[in-house]
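Q: quick one: sequence plus predicted model below, questions after.
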Protein chains: 4
Amino acid sequence: MVRVGIIGATGYVGGELLRILKIHPSVETIHAFSRKEEGRPVSMIHKNLKNLFDEPFEKYSPNKIADSIDLLFTAVPHGTAMEIVPEILEMGINVIDMSADYRLPPEKFEEWYGIKHKPLSSKFTPVYGLPEIYRKEIKKTKTVAVPGCYATGAILATLPLVRNHAVHPQKIVITAISGTSGAGSRPSEFLHHPEVYNNAKPYSVMSHRHIPEIETVLSDVSKEDVKIGFVPILVPMVRGILTVVNVFPLKEQEGNSFLEMYQDYYSQEPFIRLIIEEEKTVDGSMKRKVGGFPYTANVIGTNFCDISLKNDERTSQTAVISAIDNLVKGAAGQAVQCMNIMLNMKETEGLNKLVGAHPW
Amino acid sequence: MVRVGIIGATGYVGGELLRILKIHPSVETIHAFSRKEEGRPVSMIHKNLKNLFDEPFEKYSPNKIADSIDLLFTAVPHGTAMEIVPEILEMGINVIDMSADYRLPPEKFEEWYGIKHKPLSSKFTPVYGLPEIYRKEIKKTKTVAVPGCYATGAILATLPLVRNHAVHPQKIVITAISGTSGAGSRPSEFLHHPEVYNNAKPYSVMSHRHIPEIETVLSDVSKEDVKIGFVPILVPMVRGILTVVNVFPLKEQEGNSFLEMYQDYYSQEPFIRLIIEEEKTVDGSMKRKVGGFPYTANVIGTNFCDISLKNDERTSQTAVISAIDNLVKGAAGQAVQCMNIMLNMKETEGLNKLVGAHPW
Amino acid sequence: MVRVGIIGATGYVGGELLRILKIHPSVETIHAFSRKEEGRPVSMIHKNLKNLFDEPFEKYSPNKIADSIDLLFTAVPHGTAMEIVPEILEMGINVIDMSADYRLPPEKFEEWYGIKHKPLSSKFTPVYGLPEIYRKEIKKTKTVAVPGCYATGAILATLPLVRNHAVHPQKIVITAISGTSGAGSRPSEFLHHPEVYNNAKPYSVMSHRHIPEIETVLSDVSKEDVKIGFVPILVPMVRGILTVVNVFPLKEQEGNSFLEMYQDYYSQEPFIRLIIEEEKTVDGSMKRKVGGFPYTANVIGTNFCDISLKNDERTSQTAVISAIDNLVKGAAGQAVQCMNIMLNMKETEGLNKLVGAHPW
Amino acid sequence: MVRVGIIGATGYVGGELLRILKIHPSVETIHAFSRKEEGRPVSMIHKNLKNLFDEPFEKYSPNKIADSIDLLFTAVPHGTAMEIVPEILEMGINVIDMSADYRLPPEKFEEWYGIKHKPLSSKFTPVYGLPEIYRKEIKKTKTVAVPGCYATGAILATLPLVRNHAVHPQKIVITAISGTSGAGSRPSEFLHHPEVYNNAKPYSVMSHRHIPEIETVLSDVSKEDVKIGFVPILVPMVRGILTVVNVFPLKEQEGNSFLEMYQDYYSQEPFIRLIIEEEKTVDGSMKRKVGGFPYTANVIGTNFCDISLKNDERTSQTAVISAIDNLVKGAAGQAVQCMNIMLNMKETEGLNKLVGAHPW
């Protein structure tokens, strides 16, 4: 049984961690830390948790937790995690960090975030918390940097193709449609309901901070210099990211070779669902083919990433589309998946209780 | 361990039953019946269930189920349930019926639904499946009629007051705001997205078929002739019913007497949450007071009914407000709650895994 | 030709005034005043007006306007209008005030708003800007107080019945469903998109500040002491208020007597639309009957107020339902209607170009 | 003064034509034709038009219109227009066709629509109704084929670059986000509110029928063989298309050369708004730069197409983004713009009364 804490538990990612950890069968105790809301019942902020988590937010202090917590989720702003993670690690406590502070090589972090990076002591090597690539490394580390939400959707959609050197690595075009919860719980004009409800709003066009994450990871797995164009768009829904990746194949495919790359790479993955249909061919054998496209509604509330793709012979383009819940596979669910791996539990524990609904 | 089946499993209520039963620890097998979709994987219709329920819809036939099913949920249109429930009961199988066929006294059913009623054999007495009133009866019956979604929200909001003869029983005004999933999965102009998204649409004003349910049950518990005015309004959300009940107190309250009626009546109820705050008084003792109002988002996906109320001395009116998820406490969750009671399981089993999220 | 100005032109009501005045054929010049945004193009804030209103916001100062403006709309916070309106009136300029400062008798204003009231000089009598009641007075005044949005929908729905003493004046129950634009452009947690999109949120239950407006006006026209219960609910749409008024008739109606009261009272009103159908009776004559219910989508963008009603003999209740666009008939459109009356223009001028669309 | 008719006036495009034509100062009479709804008041279907267009739908027949109509809008299904347009033209009546029947070269039409094409008599040459390219031809023709909604947004965003041979003509990647009104008024599961409200749904990926329109027109203006990848996505809003076009420049730009191509090409266009800011440079001169990105909300209800672009030196990609209202610039508004040109009226007449609002 595990004792966990969340620093920054008032935000949307913190709330989603509470929701998931609450039904996780191996989580014994949960400490919700918040400086701002210290002493108020958690269910006053996350009203969904009334009767389920009425204990108060606690004020975080390092000496309070040394003997009472096994793993800490840090859901604090970029730049703040670097200030508190080192001392937590020194106490022997595992850290799963939801911020960007340990996602990037230091020089890239400083370039894209404009904050001086403080590296961890050499004893601790943060691992990029995408189990579909770095499962082995996650198993061995004490520090996980959970990927950005857009990065998760984009990397999972593109990974098998770049890894197989099947597409031009510098002609990758990504457009991502996101719900509003990804931008957090702080009110702003950008997220004010009347400004969003009948609106589709591109932002950070070609300059979003998840770009270097995506490029770094895809370059790492392909050993090539991957470059992406990236246009994120806010649309009027709360949860979900639909990522459309357009790529240019390097040579003509034979049969469903692209689809097979996805099937091969993801065949053992518990949270990747390829949208594939089986079809009986003339000779009676079964043939697999793409069976529709991912819809965000199908993954809401769950840790699944749905993927499908479409080759277009006419234009020699291929479109790959993925759907995730930005707060689950794009944040809190992925973090719990990493926790399960780090602590040698079943990887799907707790997360397999997150069944989607129809309709949301 | 229980073996269950759902007749009419393609609809929204059927889908929601599948979602809940899937994580119910005492449910061993689930049969999804559908004539229309026989042979197609369940996850082709309820795409949220991909990888979780890929077995095909089966064609229902009575002789197939006699030895393989302990309890059947019938989620079929009004008038159809009456045709199939009797033979199921004769086979010794419990029935939880989601239609209106057994909710009303026969003459009221015929008056409001315009369908000739076929009563059950006298061996079987259907019980109105609202555990907060009829728990004992549900425990003993083999046939439950699950309440309508509006009826659930309205009865739970009004019950303690009429039962205590605290308000005028024939001057009850109910307005209910509903999401669109309550109207089912069949496309229609009324529910066509462009006709709903920027719209609030009253319908069945003073004539909705849940009116006689509400009146019958409230009259039964109060032993008075209760009459309600009822205006349902469709608003652009998918799930959730917010019910506003305005009543006229028969005499002036002393202190928080109305609030106390709710606390008394619902103190042991696992799925009723009164929105109450405790406040320290001048003499140091704790005083309870209303602590905000129910929001539908706080109950989405859960079996909770949140309730609060406001007395207005200025006008001598009291407003009671409740919030439920129409597909859970208003349908499938309530049905599973009844199943748990009927089959002597813990009443909250399975349902306690349905934790709401923030934000939806 | 008229020269107008708007103080507080950056808000939603200010923006809506700009939209309407821009196509008003008798408006010659429009000055948009804003201290905060002085010098920035109006179309930087109201991006819909790009190429149409790129002139900068001006800083308001009394001496600048004396000779250049005929009428000023003041769209400033409650309490601020009282500070600036007197000196404008002394310059001989007409004022149409969108705040609450002149809507109520001073003592009621102070009771409900908690602000000390500064009365106008006795030379100036503010008139409540609801043309359907106070058209004659509006014609003669130099100061109009534009009604609150909820007040407009509620008063127009209830007026013919209370004026005809047809219903119990102290047993009036009003529930109103509103879009989010009525709460203004300032970001807040309450209006943060993720907190609203899947949510119905009651607020200011039985205590909203539009209550005294509604009671004062209805008492004035009926010469009775009218009291209302009022529950406003925020729902996920941007524009529109649907108001449901439940009343208890004092005696049984004969035929369609209630409907006839509405037809009589509103027969000449250009912006009231009764949802009525004509039906051929057996003897060949035409009979009018209610023809459906108001939907908010049908009035969005327009100055119309749609009304319908339903008598329920079973419960002796009557439900009257109205729909308005809170920013048009509930604010800017009503203000322009008042301007047209004050300045002896055709009452519908400019407003008749506001044709609704299907679908929004 | 012009007398017009609409065949197929019950649909969303028909309704939008009615809305615009109703306030068009040079339109004298409007006939709304519908076989299905003959005799019912137009305002029973388009309830926004109550009191504004209560005349009944008429049954279309050729001999009725010869002397009473100058121009007909045909808003009928693909394949149906070809059956009725020839005889209308023979009567000397101008036709503006909203279907796809005359948008494409016959062989492309047959390939993409699977319908045998019936060409017009050689006397009549249909012109593709995009004034920004074919204004001169529209002026001379008697038959206009109004572009598809996606085609309008995509062509206007891409046009200056392909015309100037500035980008690779066969590496164009287009993703378009659309509201639901573009799919029409017929209810379907795809557009059923509960299936859309919390969902982003790609469809017709790389196979949408507007693809050949876009390629044909862009090839025509560039005299090159243009090929596009196209992924349309349905998102939960009613109106608006946001089109993201990613292109690969053929050589490095100097300064803002791409932006200048747009300014040059569109400088005289009344309905194209480039989102550009002017900035004072060090030497005091003014420099133009991109000033934000188009949002669909800013064009709703109007005939505007907002455009902006972003060059990314890092990846050598350029993203161009456009926003239109699919029912206005994407259908009815564009049709009226063509009518104005064909009939030698001011091109902006009527359309300049369509001012957007903030917020929608």
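A: Perfect, thanks for sending it. Values in this document were obtained by computation on a predicted structure and should not be read as measured data. Numbers count the residues shown, from 1 in each chain, chains lettered A, B, ... in the order given.
Q: helix, strand, or coil at the nearest residue to A:I115 once chain neighbours are set aside?
A: Of all residues not flanking A:I115 in the chain, A:G79 sits nearest, at 4.6 Å (CB to CB, 6 or more residues apart in numbering or on different chains). Heads up, the C-betas are built off the backbone N, CA and C, glycines and all. Here A:G79 is coil, with the state taken from DSSP: H, G, I helix; E, B strand; the rest coil.
Q: what is the burial count for A:G79?
A: A:G79: 17 surrounding residues under other CB atoms under 10 Å in any protein chain shown.
Q: could you list every residue that touches it?
A: Shown in contact with A:G79 (CB atoms under 8 Å, 6 or more residues apart in numbering or on different chains): A:S99, A:D101, A:Y113, A:I115.
Q: and the gap between the residue lying farthest from the centre of chain A and chain B?
A: Taking CA atoms, centre = their mean, the residue of chain A most remote from its mean C-alpha position is A:D283, at 42.3 Å. As judged by CB to the nearest CB, to the nearest Å, A:D283 and chain B stand 22 Å apart.
Q: secondary structure element holding that residue?
A: Counting by DSSP states H and E, no helix or strand carries A:D283.
Q: so chain A: which segments form each domain?
A: Chain A resolves into domains spanning A:2-124, A:150-324 when parsed by automatic domain parsing.
Q: and A:V167, what does it touch?
A: Taking CB under 8 Å, 6+ apart, we find A:V167 in contact with A:L161, A:V247, A:F248, A:P249, A:L250, A:T318.
Q: residues from the stretch 201-350 of chain A in reach of chain B?
A: Applying CB under 8 Å from any CB of the partner chain, we find that the stretch 201-350 of chain A lies next to chain B at A:238-239, A:273, A:275, A:295, A:297-302, A:304, A:306, A:327.
Q: let's see that with 6 Å instead.
A: Proximity of the stretch 201-350 of chain A to chain B (CB under 6 Å from any CB of the partner chain) is limited to residues A:V238, A:R273, A:N298.
Q: ok, the last one touching B:I45?
A: No: with contacts defined as CB atoms under 6 Å, A:N298 does not count as touching B:I45, sitting 11.7 Å away.
Q: the two - which one has more neighbours?
A: Each of A:N298 and B:I45 has its neighbours counted (other CB under 10 Å); A:N298 has more, 27 against 21.
Q: distance check, the closest residue to the more buried one other than its chain neighbours against D:L18.
A: Counting by CB to CB, 6+ apart, A:N298 lies nearest to B:K47, which is 4.5 Å off, once chain neighbours are set aside. Going from B:K47 to D:L18 by CB to CB, to the nearest Å gives 38 Å.
Q: looking at the two, which has the bigger crowd around it?
A: D:L18 (26 against 21).
Q: can you verify the more buried one is assigned to a helix?
A: Yes: with three-state DSSP as the criterion, D:L18 is part of a helix.
Q: need the contact list for it.
A: Contacts for D:L18 were tallied using CB atoms under 6 Å, 6 or more residues apart in numbering or on different chains; there are none.
Q: scan chain A for its longest helix.
A: Assignment by DSSP state H gives helix A:149-163 as the longest helix of chain A.
Q: report how many residues lie close to A:N199.
A: Counted by other CB under 10 Å, the residues lying close to A:N199 total 23.
Q: did I read that right, it in a strand?
A: No: counting by three-state DSSP, A:N199 is not found in a strand; it is coil.
Q: ok, the closest residue to it other than its chain neighbours to C:I177 distance?
A: The shortest distance from A:N199 to any non-neighbouring residue, by CB to CB, 6+ apart, is to D:A297 (3.8 Å). Shown here: D:A297 relative to C:I177, a distance of 22 Å by CB to CB.
Q: higher neighbour count, these two?
A: Legend: neighbour count by other CB under 10 Å for D:A297 and C:I177, higher for D:A297 (29 against 26).
Q: does that one touch A:Y197 like I think?
A: No: taking contacts as CB under 6 Å, D:A297 lies outside contact range of A:Y197: 8.5 Å.
Q: and stretch A:131-141, how far out from the chain's middle?
A: 14 Å (CA atoms, centre = their mean, to the nearest Å).
Q: same question, stretch A:336-353
A: How far stretch A:336-353 lies from its chain's middle: 15 Å, per CA atoms, centre = their mean.
Q: do the same with stretch A:1-15
A: 16 Å.
Q: likewise stretch A:43-56?
A: Worked out by CA atoms, centre = their mean, stretch A:43-56 lies 25 Å from the chain centre.
Q: lovely, talk soon.
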